[in-house]
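Asks: coordinates only, no sequence provided:
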């Protein structure tokens, strides 16, 4: 979507619990299951504490991941001047090794881009056109890199919220309503389904009960009367090792170096 949504964190704790959501458990006190939205009454608070607790736990887990690959099958609705919606598809892949190794690729209906950070140099590559740009960027964490790309070079990384959740960039205090919809599945993954509202945004997240990682995310833009949506279904790998070569860009003879400006005029939009 053309707006860079910064949502509160979905933290992920590795815990499997078939009957009761892992985030609803207590060490000494039996858990009281959250009331699904369909059974909610007028006395149900706009912000359900159990929903906020689930988000905070997922955020904590995301912050503990030291190395991971996540692949997202994404769809993005664009609204034409006629009011008609057009849906674009794509695949987003992240490979991250904390604190300072980063690779991302976007392969969508409209563009291909790859982003590399090897701890000292940031590279943006357009494989279809064989152009790449590089800037030195030392002593930068992955989260700082994502922020710098947006703030300095006007590059919005897709699903950037994965790196903001659980930080002061995405406080839960901005949530206006939070509801536990109930159990659900994403493919064969048993999940808990949450619905949130923030200023100008409705968003849903499906949290895996086995890993407590987000399995699906849907964001609706309420500022547009047609409410276009961005959706992403995510697959995680937190076990495989990631070699240094993954994060280093090696140009071929067909690739051409161009300049990247500190005051970028062309915005790299997320798919």
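Replies: Right, received. Where do you want to start? The model shown is predicted, which means the values in this text are computed figures rather than measured ones.
Asks: which neighbouring elements make contact with the top helix by length along the chain?
Replies: Once the chain is assigned using DSSP state H, the helix that runs over the most residues is helix 49-64. Where contact means 3 or more Cβ pairs under 8 Å, 6 or more residues apart in numbering; DSSP states H and E, helix 49-64 is packed against strand 177-186, strand 189-198, strand 201-208. (Glycine included, C-beta is placed from N, CA and C.)
Asks: show me what residue 193 is bridged to.
Replies: residue 182, residue 206 (DSSP bridges).
Asks: mind checking which of the helices and strands packed on helix 49-64 is nearest residue 98?
Replies: The stretch from these with the least distance to residue 98 (Cβ to Cβ) is strand 201-208; that distance is 21.2 Å.
Asks: what angle do that closest one and helix 49-64 make?
Replies: Between strand 201-208 and helix 49-64, the angle comes out at 70 degrees (axes from the mean of the first three to the mean of the last three Cα atoms, to 10 degrees).
Asks: centre of the chain to strand 201-208, how far?
Replies: A distance of 11 Å separates the centroid of the chain from that of strand 201-208, by Cα atoms, centre = their mean, to the nearest Å.
Asks: turn the helices and strands packed on helix 49-64 into CSV, columns for distance to residue 51, mean pLDDT and mean neighbour count.
Replies: What follows is the helices and strands packed on helix 49-64, written out as CSV (distance: least, Cβ to Cβ, whole Å; pLDDT from 0 to 100; neighbours: other Cβ atoms under 10 Å):
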stretch, distance to residue 51, mean pLDDT, mean neighbour count
strand 177-186, 4, 96, 18
strand 189-198, 5, 95, 21
strand 201-208, 10, 95, 22
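Asks: quick check: the gap between residue 115 and residue 104.
Replies: The gap separating residue 115 from residue 104 is 4 Å, by Cβ to Cβ, to the nearest Å.
Asks: now do the shared contacts for those two.
Replies: Taking Cβ atoms under 8 Å, 6 or more residues apart in numbering as the contact definition, residue 115 and residue 104 share the neighbouring residues residue 157.
Asks: please enumerate the helices of this structure.
Replies: Along the chain, the stretches classed as helices by DSSP H are 49-64, 142-153, 161-164.
Asks: among those, which is nearest residue 260?
Replies: Between residue 260 and the helices of the chain, the shortest gap by Cβ to Cβ is with helix 142-153, which sits at 6.2 Å.
Asks: and the nearest residue to residue 150 once chain neighbours are set aside, what pLDDT?
Replies: Residue nearest to residue 150 in three dimensions, not counting chain neighbours: residue 156, with 5.7 Å by Cβ to Cβ, 6 or more residues apart in numbering. Note on residue 156: pLDDT of 85.
Asks: what's the neighbour count on residue 156?
Replies: As a burial measure, the neighbour count of residue 156 was computed by other Cβ atoms under 10 Å and equals 17.
Asks: surely it meets residue 146?
Replies: No. Counting by Cβ atoms under 8 Å, residue 156 sits too far from residue 146 to count as a contact (9.4 Å).
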